[in-house]
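Engineer: Starting from these lines, generate the structure:
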Amino acid sequence: MTSLKRKLAISAGAIAVTLLLAAVPLLASAASPTPVAPNLQVPIPGLDLAAEMQKTGGDAISTYIAGIYRFLLAIIGVVAGVAIMVGGFTYLTAGGDKSKVDEGKKRIYNALAGMVLAFSSYLLLYVINPDLVNFKSFKIISITPEVYTAEQSVSEDVDAANGNVIPDHYACHTVDDCRTLCAKSKSDWPTATSDMVTPKDVILVTPSQGLENPKGVSVTPPTAAALQQAGTIAVGKDPNYSLKLYSGYRPLDKQIQLVCDKIAAGDAASGDQQTKLLGQVGVSVAWPGGSNHGVGIAVDIQLLKSGTALTSMSYNDQTDPKWKDGSKALDDIMTQAGFRRYAKEQWHYEFGGTSGCRCTSPNCPFPPSCG
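Structural biologist: Predicted coordinates:
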């Protein structure tokens, strides 16, 4: 009887150790503030993707892989526990049959060995460096498909009917006029309008705390100083915030080229698609000379948190509710730094200027509109 109790105690202890070890990798899934995370088509039991991303600082893919790894360890623990119970049952019911006793012992030993190997490897890697099992350093840059880039999606120009920009200040102001201009040699294109500044009037924006300038954007000196202030304000609101510049000063030849590219795409299309593309000239692409980018006070900018976009840079999806909170946060940051937003675009801000359809926080609309 004493021998039977000893054997039962050993089996119970082995099962308890198994369950304890199986729980170790799952303890890392503690609750934390929930950031935006993708909806998983194949969820992993025990994995709160948003909370885990917040805790480890990893992106969705690396966090998902780490979750699979920990889930498989838990499965190993469960399988090993079942194998130990089967081995224990075989051992206890051997009835003195040496072959069954040996079979039961072997099953238990093999299960314990496999379990110890699996979990000791996890614990060893975790002790050496938690990132080896969290995959925090495993980063994959996400790219959002867009039809219009920030360089193209600039419709802050307003029609002459608004009284803010008169046609004489445009290089061209109708599709036919612009088509004629595009047919000319670039050397014959006008170099500026009366309202524009020249390249010598702008400076390169220096990246600073909370401000990224990967495209080498230039603006007027006061605008550059205000952008650096905006970066500081962003970090003050959340240490993980940063502002990413996409566009600033745009010389006239570049404005003309954007219009020419849009007209060429429209002329190459047919039917409704042609009408749609040509209708975007002066709407999603500014009339040359009618953009405050030519004055050096306008910027296209995006709010990021830990490298993840919180605001849109595309006409295609800027009305998506997922951008609402980020848009409001960016409005607040830029307003505090002295900027006004072009109300129709989530990304376009100006430092000064008197154009219409502009707004400041908390009065900027979502979805973006001039209504």
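Engineer: Can you find the helix or strand in this structure with the smallest mean pLDDT?
Structural biologist: In the chain, no helix or strand scores lower on mean pLDDT, DSSP states H and E than helix 2-23, which sits at a mean of 46.
Engineer: Residue 245 falls within a helix, correct?
Structural biologist: No. Assessed with DSSP: H, G, I helix; E, B strand; the rest coil, residue 245 is strand; it does not lie in a helix.
Engineer: so where do the strands sit in the chain?
Structural biologist: Secondary structure of the chain by DSSP state E: the strands cover 203-204, 211-212, 218-219, 241-247, 298-305, 308-309, 340-342, 348-350, 358-359.
Engineer: Rebuild these as a markdown table, extending it with distance to residue 322 and mean neighbour count.
Structural biologist: To be clear about C-beta, it is placed using only N, CA and C from the backbone, and glycine gets the same treatment. Putting the strands of the chain into a markdown table (distance: least, Cβ to Cβ, whole Å; neighbours: other Cβ atoms under 10 Å) gives the following:
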| stretch | distance to residue 322 | mean neighbour count |
| --- | --- | --- |
| strand 203-204 | 33 | 14 |
| strand 211-212 | 22 | 20 |
| strand 218-219 | 29 | 24 |
| strand 241-247 | 17 | 22 |
| strand 298-305 | 13 | 24 |
| strand 308-309 | 10 | 16 |
| strand 340-342 | 19 | 26 |
| strand 348-350 | 19 | 26 |
| strand 358-359 | 21 | 20 |
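Engineer: surely residue 255 meets residue 171?
Structural biologist: Yes. Here residue 255 reaches residue 171: they are 7.4 Å apart, a contact under Cβ atoms under 8 Å.
Engineer: joint contacts of these two?
Structural biologist: Any residue near both residue 255 and residue 171 by Cβ atoms under 8 Å, 6 or more residues apart in numbering counts here, and that gives 288, 289.
Engineer: Of all the residues in the helix ranked longest in the chain, which ones are buried?
Structural biologist: Longest helix in the chain, counting residues (DSSP state H): helix 60-92. Buried residues in helix 60-92, defined by neighbour count with 16 or more other Cβ atoms under 10 Å: 60, 62-64, 66-67, 70-71, 73-74, 76-77, 79-81, 83-85, 87-88, 90-92.
Engineer: and what of stretch 194-207?
Structural biologist: Here stretch 194-207 shows 195, 196, 197, 202, 203, 205 as buried, counting by 16+ other Cβ under 10 Å.
Engineer: ok, residue 93 to residue 184 distance?
Structural biologist: Remark: distance between residue 93 and residue 184 (Cβ to Cβ, to the nearest Å) = 96 Å.
Engineer: Could you do residue 47 as well?
Structural biologist: Noted for residue 47: a distance of 60 Å to residue 184, by Cβ to Cβ.
Engineer: neighbour-wise, which of those two wins?
Structural biologist: Taking other Cβ atoms under 10 Å, residue 47 and residue 184 do not tie; residue 47 has more neighbours (20 against 10).
Engineer: residues contacting the more buried one?
Structural biologist: 29, 63, 64, 67, 70, 71.
Engineer: which among the residues you listed gets closest to residue 293?
Structural biologist: Nearest to residue 293 among the contacts of residue 47: residue 63, at 38.6 Å, using Cβ to Cβ.
Engineer: Please report how far the closest one lies from residue 47.
Structural biologist: 8 Å.
Engineer: quick one on the thing from earlier: looking at the buried residues of stretch 194-207, which gets the smallest pLDDT?
Structural biologist: Note: of those, the lowest pLDDT belongs to residue 195, at 71.
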